[in-house]
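Sequence and predicted structure, then a few things I'm wondering about:
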Amino acid sequence: MTLLSGRRILITGISRGVGLETARLFLAEGAEVFGVSRDPGRLERARRELDPSGERLRVLAAELTAEGAPARIAAAVKERWGALDVLFNNAGVQLDGGTRGISAASEETFRDSLGVNLVAPYRLCRALLPLLALGREPRLVNVSSGAGNFESMRLTDIPSYRLSKFALNGLTLLLAGELAGKVSVNAFDPGWVKTDLGGPNAPGSPVESARGALALVTLPFEVSGKFWKDGAEIPF
């Protein structure tokens with residue numbers, strides 16, 4: 001039996017990088033996947049690549065920061081399945097460039113980083129919690145970064161990105177406490193990998209990240225409120 005047979009999983013940022021490879025692996029392991037991305041053209045290419053028949057993959061183009069996006073996504077998932085087993089909050093941005101120090105970051109970069117990397121996952125969680133409550137051993141995964149752990153807050157590069165992921169880790173802990181015994185909530189570090197966000201000099205690959213994601217979503221349901229990378233717990 002495949003590891004994710006019959007599991008209903010929503011993945012944001014599915015059209016490229018970690019999201020694309022995670023969807024590929026989850027489908028190979030028997031999951032049904034609902035993919036969300038903001039670029040319709042890229043999303044359609046990903047759909048044709050991953051599941052041309054559309055039997056186990058459905059997609060929806062949505063800008064996650066748009067006011068009505070969470071409700072629209074929740075409605076589509078409800079129509080498709082009536083419940084949800086895994087929410088994999090993967091979509092994210094790194095907008096800082098060469099900025100050093102949070103006081104030097106532009107207000108626009110600060111706002112947009114927090115908007116995509118923290119506020120959007122928060123709003124989507126809220127919209128999908130009723131469907132997760134109806135799922136089988138429901139899980140919520142927030143894709144964070146080692147750049148957002150406690151020790152990294154002493155560094156000055158990519159400040160808005162670091163802060164947004166640090167805050168996402170905090171959201172993960174708050175939700176894990178609130179939803180204990182109802183929804184398993186964990187943070188995931190995909191590592192520094194070759195993606196549009198990670199850049200061409202990154203040492204890892206999205207395929208490796210996908211394996212780590214699979215290890216996380218197949219942990220015992222009781223495991224919650226922790227930070228994971230490559231199948232191992234790491235410190236917040």
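Received it, and whenever you're ready, just let me know what you need.

Give the residue spans of the chain that score low on pLDDT.
Low-confidence segments of the chain (pLDDT under 70): 1.

Take the helix ranked longest in it, keep the C-alpha atoms, and write them as CSV.
Ordering each helix of the chain by length in residues (DSSP state H) puts helix 159-178 first. The C-alpha coordinates for helix 159-178 follow below in CSV (Å, rounded to 0.1, in the frame of the first residue of the first chain):
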residue,chain,number,x,y,z
PRO,A,159,15.7,40.6,7.5
SER,A,160,12.0,40.7,6.4
TYR,A,161,12.2,37.1,5.2
ARG,A,162,13.7,35.9,8.5
LEU,A,163,11.2,37.8,10.5
SER,A,164,8.2,36.4,8.5
LYS,A,165,9.4,32.8,9.0
PHE,A,166,10.1,33.4,12.7
ALA,A,167,6.6,34.7,13.0
LEU,A,168,5.2,31.7,11.1
ASN,A,169,7.0,29.4,13.6
GLY,A,170,5.2,31.3,16.3
LEU,A,171,1.9,30.8,14.6
THR,A,172,2.7,27.1,14.3
LEU,A,173,3.2,26.8,18.0
LEU,A,174,0.1,28.8,18.8
LEU,A,175,-2.1,26.6,16.6
ALA,A,176,-0.5,23.4,17.9
GLY,A,177,-1.5,24.4,21.4
GLU,A,178,-5.0,25.5,20.4
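
Give me the helices and strands touching that helix, please.
Helix 159-178 makes packing contacts with helix 107-114, helix 120-132, strand 139-143, strand 184-188 when contacts are defined by 3 or more C-beta pairs under 8 Å, 6 or more residues apart in numbering; DSSP states H and E. Heads up, the C-betas are built off the backbone N, CA and C, glycines and all.

Would you mind giving these as a markdown table with distance to Leu43 and mean neighbour count added?
As requested, these are exported to a markdown table (distance: least, C-beta to C-beta, whole Å; neighbours: other C-beta atoms under 10 Å):
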| stretch | distance to Leu43 | mean neighbour count |
| --- | --- | --- |
| helix 107-114 | 21 | 16 |
| helix 120-132 | 17 | 20 |
| strand 139-143 | 18 | 25 |
| strand 184-188 | 22 | 26 |
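
and these as JSON lines, adding distance to Arg24?
Below are these laid out as JSON lines (distance: least, C-beta to C-beta, whole Å):
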{"stretch": "helix 107-114", "distance to Arg24": "28"}
{"stretch": "helix 120-132", "distance to Arg24": "22"}
{"stretch": "strand 139-143", "distance to Arg24": "16"}
{"stretch": "strand 184-188", "distance to Arg24": "17"}
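
I figured Gly146 was touching Lys229, is that so?
Yes - between Gly146 and Lys229 there is a contact under C-beta atoms under 8 Å: 7.1 Å.

any shared contact partners between the two?
Asp189, Gly191 (C-beta atoms under 8 Å, 6 or more residues apart in numbering).

Please identify the nearest residue in space to Gly92, excluding sequence neighbours.
Of all residues not flanking Gly92 in the chain, Asn117 sits nearest, at 5.0 Å (C-beta to C-beta, 6 or more residues apart in numbering).

Please apply the same query to Val207.
Distance criterion C-beta to C-beta, 6+ apart; nearest residue to Val207, sequence neighbours excluded, is Glu21 at 5.2 Å.

Run through the residues that contact that neighbour.
Counted by C-beta under 8 Å, 6+ apart, Glu21 has contacts Ser205, Pro206, Val207, Ser209, Ala210.
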